[in-house]
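**Q** just need the structure, nothing else, for what follows:
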Amino acid sequence: MWPFHADSLSFVAHAVLRILPQVATLSIAHVMTTLRKVSISLLVLVALAGVGLYFLTRGDTADLSVDEVAGTDPTLQEPDAEAFPTVQIAKPVGWEAGDAPKAAEGLAVNRFAEGLDHPRVLYALPNGDVLVTLTRAPAAEDDGEGGFMDTIRGWVASYLFSEAGAAGESPNELVLLRDADGDGTAEIQQVILTEGLDSPSGISWGDNTLYIANHDAVLAFDYELGADAVTSKARKLMDLPPGGGHWMRNMEIHPDGGRLYIAVGSVSNIGESGMAIEDGRAMIWEYNIETGEPRQYAAGLRNPNGLDFSPWSGELWTTVNERDMLGSDLVPDYLTNVPVGAQYGWPWLYYKDNIDRRVEAPMPQFLMEYTRNPEFALGPHVAALGLVFSAEGHTMGENLSSGAFIARHGSWNRKPPSGYDVVYVAFDGRGNPEGKPVPVLTGFLNDDGTTKGRPTWVEWAGDGSLLVSDDTAGIIWRTYAPEAQPAAAIEPNQGESLPPQRELSDPRRAFEEDYLREQAAQGNLPGL
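**A** Next up, the predicted model:
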C-alpha cells in the first residue's frame, strides 16, 4: 500500500515538476562538460598518434651497409638513442606457384614441404625423418595493471606482429616430414603430437626420448624412430620463464647425449621493465639428463636463438639478437662461442666495453672486466635465428664446406631493411670465423618493400641438403649443390695440455736469467 495520502502525492508531483527543468539543465551541462573533456582527450590521443606516426614513418636511415657492420671487426657507430623506434616492416605476400628463393652460384633449391602453419624450428632425426614445430607466440595475459602506456605498447606490438605475418593463435603442433622415396620432397607430412604443446620451439632426441621446449617448460616424451605418432604422456623436466617479449626457446642436445642446452631470451629491450622480471632470462640453461639438475650456463645474451656445437672444438655456439632503438646501424646481431660461465653484458654492455647509457638498473661491479666480445657480427637488426655448422655428408659444395649457415629472419626496425636471407660464415682451420657473411639464399625481399617469406631455421637433411623453414610462407626450402659429393667430416682440433706447474717461480728472475744467457751467447757480456 502506498504510504502517502493523495494530497501528499500531489505535493510530490508538483515538486518534481518544478525540479525537473533544473535537473535536466544540470544533466545537460554535466554531459557537455564530460563531452568536452572526452573530446580534448581524443584530440590529445590523435595528436600523439600523429606525432608517433610522423616519427615512425621517418626514423633513422642507415649510414653504413650491413657488411660494414658485420664480420670479426664490425664498425660500431656512436649510439644515438631513439625516442621512437625506426619502423619498416616488410609485409608478407607469399610466393607465386613455381617461384623460389635465389640460390648462390652452383646451388639448386626446391620446396621440400609446404602448406604448413607458421613452421619454425627444424630437427633431423638419425633415420632421416624431419620434425618441425608449428608455433606462434603464446597468448598475452593482460592483468589490467599495466596502465595506459602498457596498453599502447600492447596495441603497437599487436600491429607489428600482424604486419610481419606473425599474429594469430599458435598451432601448437609437431609435424613429421618424411621423404620416403628420396626425391627431395616430403610426401609424408603429418601431425604426430599436439597434447602438452604450448608455443613449442626447440626439439631434440636421444635414447628413444623426444625433448620439446615449450615457451614455459622443457618436456620429454617416449618416442622410437620411425613411429608415426607420439603416444606417451609428457614428462616435465624443468620450468622455464614463460612467454615474454622473446618467447622462443631453442634447444640442443650435447653430442654425448647427456645434457640439454636451452636458449631463453629477455622480456625487454634493455631491462626497461625492471630486472626482476628478467630473472632466469637472457641466458642459456643447461639441463643434466641423468641427474635432472638445471643450471645457468651463460648469461648476458639478450635473445639467444640458434645453437650448435663446433666441429673443430666441440664448444657450444649461438646466434644472438642484440638491442634496438640506437639507430639503424646499431647494434649488430652476432654469432659467438659460449663457454660455461660466459657473460656477454646485456643489458648494460654490448660488444665487450660499449656502455648502454639508457639502462637504469645499476651495473654489477667489474662487469666490463669479464664481459666477452662476440666472435662474429652478423649485421644490425638482421634477426639471426637458426644455426648449423658444416656437417659430414653435406652437399653444399667445396666453397661452402667449412663454416656455419645462419637464417637471418629480417629486420622490422631498419632503413633500409636487413636480413631476409640465409648466409654462410667461413671458418678457418682452427675453428675461427673469418671474412663477411656470404649469401646462400636470397630473393625473399621484394623491391616494393614486401616480402615473399622469412627464413627462420636451418637444418641438415639426411641426404646432405640444407633445409630452411620459411615461417610466413609455410614452406620448407631445400638447397644443395647438384654436382657435389658428400663432404668429409671436419677434423677436430687436437692439442696437448700444458704440463702442470709443480713449483712457484719468479717470472722476473727467469726473464733476467734468459736475458743474461742470450747476451753472453752474443758476446755482449765480457767475462761471463
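**Q** mind listing the strands the helix or strand where residue 406 lies pairs with, and their directions?
**A** For residue 406, the enclosing helix or strand under DSSP states H and E is strand 403-408. Applying DSSP bridges, strand 403-408 is found paired with strand 384-389 (antiparallel), strand 421-426 (antiparallel).
**Q** quick one: contacts for the residue lying closest to residue 383 once chain neighbours are set aside?
**A** Nearest non-adjacent residue to residue 383, counting by C-beta to C-beta, 6 or more residues apart in numbering: residue 409, 3.9 Å away. All C-beta atoms are positioned from the backbone trio N, CA, C, and that covers glycine. For residue 409, the contacting residues are 382, 383, 384, 385, 419, 420, 454, 455, 456, by C-beta atoms under 8 Å, 6 or more residues apart in numbering.
**Q** now do the helices in the stretch 1-150 of the chain.
**A** 6-56, 147-163 (DSSP state H, counting those that start in this stretch).
**Q** and these, which one is worst for confidence?
**A** Here these differ in mean pLDDT, and the lowest is helix 6-56 at a mean of 51.
**Q** isn't residue 459 right up against residue 391?
**A** No. Look at residue 459 against residue 391 with C-beta atoms under 8 Å: they stay out of range, at 10.0 Å.
**Q** which residues does residue 317 contact?
**A** 307, 308, 309, 310, 335, 336, 337, 338, 387, 389, 404 are the contacts of residue 317 under C-beta under 8 Å, 6+ apart.
**Q** switch the cut-off to 6 Å
**A** By C-beta atoms under 6 Å, 6 or more residues apart in numbering, the contact set of residue 317 is 308, 310, 337.
**Q** what about it, helix or strand, and which?
**A** Going by DSSP H and E, residue 317 is part of strand 316-320.
**Q** whichever helix or strand comes after that strand packs against which elements?
**A** With elements assigned by DSSP H and E, the helix or strand that comes after strand 316-320 is strand 332-337. Counting contacts by 3 or more C-beta pairs under 6 Å, 6 or more residues apart in numbering; DSSP states H and E, the secondary-structure elements packed against strand 332-337 are strand 316-320, strand 376-380.
**Q** if we go to 8 Å?
**A** strand 316-320, strand 376-380, strand 384-389, strand 403-408 (3 or more C-beta pairs under 8 Å, 6 or more residues apart in numbering; DSSP states H and E).
**Q** got JSON lines for these, with mean pLDDT and distance to residue 124 too?
**A** Shown next, in JSON lines, are the helices and strands packed on strand 332-337 (pLDDT from 0 to 100; distance: least, C-beta to C-beta, whole Å):
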{"stretch": "strand 316-320", "mean pLDDT": "98", "distance to residue 124": "18"}
{"stretch": "strand 376-380", "mean pLDDT": "98", "distance to residue 124": "23"}
{"stretch": "strand 384-389", "mean pLDDT": "98", "distance to residue 124": "10"}
{"stretch": "strand 403-408", "mean pLDDT": "98", "distance to residue 124": "14"}
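**Q** wait, which of those is closest to residue 228?
**A** With C-beta to C-beta as the criterion, residue 228 lies closest to strand 384-389 of the helices and strands packed on strand 332-337, at 25.8 Å.
**Q** report the backbone C-alpha coordinates of the closest one in PDB.
**A** Extracted C-alpha coordinates of strand 384-389, given in PDB (Å, rounded to 0.1, in the frame of the first residue of the first chain):
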ATOM      1  CA  ALA A 384      69.700 -14.000 -36.800                       C
ATOM      2  CA  LEU A 385      67.900 -17.300 -35.900                       C
ATOM      3  CA  GLY A 386      68.700 -20.800 -37.000                       C
ATOM      4  CA  LEU A 387      72.300 -22.000 -37.000                       C
ATOM      5  CA  VAL A 388      74.100 -25.200 -38.200                       C
ATOM      6  CA  PHE A 389      77.800 -25.900 -38.700                       C
END
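**Q** on that earlier part again, now the angle between strand 403-408 and the strand holding residue 317, please.
**A** Interaxial angle, strand 316-320 versus strand 403-408 (axes from the mean of the first three to the mean of the last three C-alpha atoms, to 10 degrees): 30 degrees.
**Q** pairing partners for strand 316-320, with directions?
**A** strand 304-309 (antiparallel), strand 332-337 (antiparallel).
**Q** now it, how far from the centre of its chain.
**A** 11 Å (C-alpha atoms, centre = their mean, to the nearest Å).
**Q** now it against strand 376-380, angle please.
**A** Going by the same axes, to 10 degrees, strand 316-320 makes 20 degrees with strand 376-380.
**Q** begin at 2 from here
**A** Okay, residue one is now 2; in that scheme the one you just asked about reads as strand 317-321.
**Q** got the buried residues for strand 317-321?
**A** Residues of strand 317-321 classed as buried by neighbour count (16 or more other C-beta atoms under 10 Å): 317, 318, 319, 320, 321.
**Q** which stretches in the stretch 252-401 of the chain count as strands?
**A** Secondary structure of the stretch 252-401 of the chain (DSSP state E, counting those that start in this stretch): strands at 252-254, 260-265, 284-289, 295-300, 305-310, 317-321, 333-338, 350-351, 355-356, 377-381, 385-390.
**Q** and the fifth one, average pLDDT?
**A** Averaged across strand 305-310, the pLDDT comes to 98.
**Q** and the contacts of that strand?
**A** 249, 251-253, 255-256, 262, 264-266, 284-285, 316-322, 339, 385-390, 405, 407-408, 458-459.
**Q** how far does that strand sit from the chain's center?
**A** Counting by C-alpha atoms, centre = their mean, strand 305-310 comes out at 10 Å from the chain centroid.
**Q** swap in the fourth one?
**A** Its chain's C-alpha centre lies 18 Å from the corresponding centre of strand 295-300 when counted by C-alpha atoms, centre = their mean.
**Q** swap in the last one?
**A** Put simply, strand 385-390 sits 10 Å off its chain's centre (C-alpha atoms, centre = their mean).
**Q** and for stretch 166-176?
**A** Counting by C-alpha atoms, centre = their mean, stretch 166-176 comes out at 16 Å from the chain centroid.
**Q** cool, and stretch 309-328?
**A** That offset, for stretch 309-328, works out to 10 Å (C-alpha atoms, centre = their mean).
**Q** buried residues in it?
**A** In stretch 309-328, the ones that count as buried by 16+ other C-beta under 10 Å are 309-314, 317-328.
**Q** could I have it exported to CSV, CA atoms only?
**A** The C-alpha atoms that make up stretch 309-328 are tabulated as CSV, following Å, rounded to 0.1, in the frame of the first residue of the first chain:
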residue,chain,number,x,y,z
ASP,A,309,75.1,-25.9,-32.4
PHE,A,310,78.4,-27.4,-31.4
SER,A,311,81.6,-26.5,-33.2
PRO,A,312,83.1,-29.5,-35.2
TRP,A,313,86.6,-28.0,-34.5
SER,A,314,86.4,-27.6,-30.7
GLY,A,315,83.2,-29.2,-29.6
GLU,A,316,82.2,-25.9,-28.0
LEU,A,317,78.7,-24.6,-28.0
TRP,A,318,77.9,-21.6,-30.3
THR,A,319,74.8,-19.5,-30.6
THR,A,320,73.3,-16.7,-32.6
VAL,A,321,72.1,-13.6,-30.6
ASN,A,322,69.7,-10.8,-31.4
GLU,A,323,71.0,-7.6,-30.0
ARG,A,324,69.2,-4.4,-28.7
ASP,A,325,67.1,-1.9,-30.6
MET,A,326,66.5,1.9,-30.7
LEU,A,327,70.1,3.0,-31.1
GLY,A,328,69.6,3.6,-34.8
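**Q** need the contact list for residue 445.
**A** Residue 445 neighbours (C-beta under 8 Å, 6+ apart): 102, 411, 421, 422, 452, 453, 454, 455, 456, 471.
**Q** farthest-apart pair in the residues you listed, please.
**A** 102 and 411, at 12.7 Å, using C-beta to C-beta across these.
**Q** shared neighbours, the two?
**A** 445, 456.
**Q** so for the two, which sits in the more crowded spot?
**A** In this view residue 102 and residue 411 are compared by other C-beta atoms under 10 Å, and residue 411 has more residues nearby, 27 against 23.
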